[in-house]
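Participant: what follows is a predicted protein model with its sequence.
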Amino acid sequence: MAGIMAAIVQMDAQDNVQENRKKAVAGIAQAADQGARIVVLPEMFVYVHSLDRMRQMAEPLHGPTSETLREAARRHGVYLVGGTFFECIPGQEKVYNTNLFIGPDGNIRTIYRKIHLFELIAPGEVVVVESQAVEHGQEVVTDDTPFGTIGITICYDLRFPELYRALADRGAHIVAVPAAFAMKTGRDHWEVLLRARAIENQVYVLACNQVGIKPDASICYGRSMIIDPWGTVVAQASDAETVIMAELDMEYLEKVRTVLPALKNRRIGQETTV
């Protein structure tokens, strides 16, 4: 496994699909021009509004957003964690919140549909129940690449360490986290949870968040970051649309796992004798 340059495209996506796609493609181009080989977009990068409005804007899996992402990955020769978009489910009102991981040849390598669906119930402030519009995904997803195994999660998944441990058990060296993490929770929880997931599983974490005030008056926290397997934040975004980058050093990852062999030392679920 070799090192690789990773980039995160932090976006303030709004309710203009064409403009959001243009921003995403521009961010991918900027990252590639600066040497990135893997690029991550945020959750719901293609359209942001109320859940009902977003559900109405759902697309087929092989639709215009998918084609835009595939062409951008192919044109710039990058591995692309394509944020998420709402995917139609034939015969159902609900949709999936779907990520495509695309190779530099433009082919879709994996499809991850968000497993844990967000709920925030603060009467008088905000109430969000994602499962009213979105169907739960079922599959834990990893992909073996020339630079290591990557696992995909989405936003609220971050609060469920068992998913990240499942990815580590499948050999993950890198975990991507496209997100639209809310300001209310992000101020206190975003960095803490991301660093914990990196430390627990001794992986690089690529956390790409939305930023800004959205058409439904919700606010996303921003502060996208890249975290190394020791839990150190090696790159962090400002409170604006931006591209951040860092090298993922797989020799360093193996050194961390050798010096502190926590994954190897696990005992839960293993036979022990006293």
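Facilitator: Great, that's in hand.

Participant: and the closest residue to E200 other than its chain neighbours, what is it in contact with?
Facilitator: The shortest distance from E200 to any non-neighbouring residue, by Cβ to Cβ, 6 or more residues apart in numbering, is to P161 (6.3 Å). No exception for glycine: its C-beta is placed from N, CA and C like everyone else's. Contact partners of P161, counting by Cβ atoms under 8 Å, 6 or more residues apart in numbering, are A196, R197, E200.

Participant: among those, which lie within helices?
Facilitator: The helices, defined by DSSP state H, take in A196, R197, E200 from the contacts of P161.

Participant: distance to G35, pLDDT and neighbour count added to the residues you listed, as a markdown table?
Facilitator: Below are the ones in helices among the contacts of P161 laid out as a markdown table (distance: Cβ to Cβ, whole Å; pLDDT from 0 to 100; neighbours: other Cβ atoms under 10 Å):
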| residue | distance to G35 | pLDDT | neighbour count |
| --- | --- | --- | --- |
| A196 | 29 | 98 | 16 |
| R197 | 26 | 98 | 27 |
| E200 | 30 | 98 | 15 |
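
Participant: looking at the residues you listed, which one is closest to G222?
Facilitator: Checking the ones in helices among the contacts of P161 against G222 with Cβ to Cβ, the nearest one is R197 at 18.6 Å.

Participant: gap between the closest one and M5?
Facilitator: R197 sits 22 Å away from M5, going by Cβ to Cβ, to the nearest Å.

Participant: so I111 sits in a helix?
Facilitator: No. I111 is assigned strand when assessed by DSSP: H, G, I helix; E, B strand; the rest coil, not a helix.

Participant: would you agree it is in contact with Y96?
Facilitator: No. Under the criterion of Cβ atoms under 8 Å, I111 makes no contact with Y96, lying 9.1 Å away.

Participant: so between these two, which is more surrounded?
Facilitator: Neighbour count, other Cβ atoms under 10 Å: between I111 and Y96, Y96 has more, with 22 against 17.

Participant: now stretch 134-146: mean pLDDT?
Facilitator: Average pLDDT, stretch 134-146: 98.

Participant: C-alpha coordinates for it, PDB please?
Facilitator: Output of stretch 134-146 as PDB, limited to C-alpha atoms (Å, rounded to 0.1, in the frame of the first residue of the first chain):
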ATOM      1  CA  VAL A 134     -35.900   7.700   3.600                       C
ATOM      2  CA  GLU A 135     -35.600   3.900   3.700                       C
ATOM      3  CA  HIS A 136     -32.800   2.300   5.800                       C
ATOM      4  CA  GLY A 137     -29.900   0.800   3.900                       C
ATOM      5  CA  GLN A 138     -28.900  -2.700   4.900                       C
ATOM      6  CA  GLU A 139     -25.300  -3.400   3.800                       C
ATOM      7  CA  VAL A 140     -21.900  -2.500   5.300                       C
ATOM      8  CA  VAL A 141     -19.700  -1.500   2.400                       C
ATOM      9  CA  THR A 142     -15.900  -1.500   1.800                       C
ATOM     10  CA  ASP A 143     -13.800  -1.500  -1.300                       C
ATOM     11  CA  ASP A 144     -10.200  -2.600  -1.800                       C
ATOM     12  CA  THR A 145      -8.200  -0.100  -3.700                       C
ATOM     13  CA  PRO A 146      -4.400   0.100  -4.600                       C
END
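
Participant: what comes into contact with it?
Facilitator: So stretch 134-146 is contacted by 1-2, 51, 55, 79, 86, 89, 92, 94-97, 101, 109-117, 149-152, 163, 166-167, 170-172 (Cβ under 8 Å, 6+ apart).

Participant: nothing else from me, thank you.
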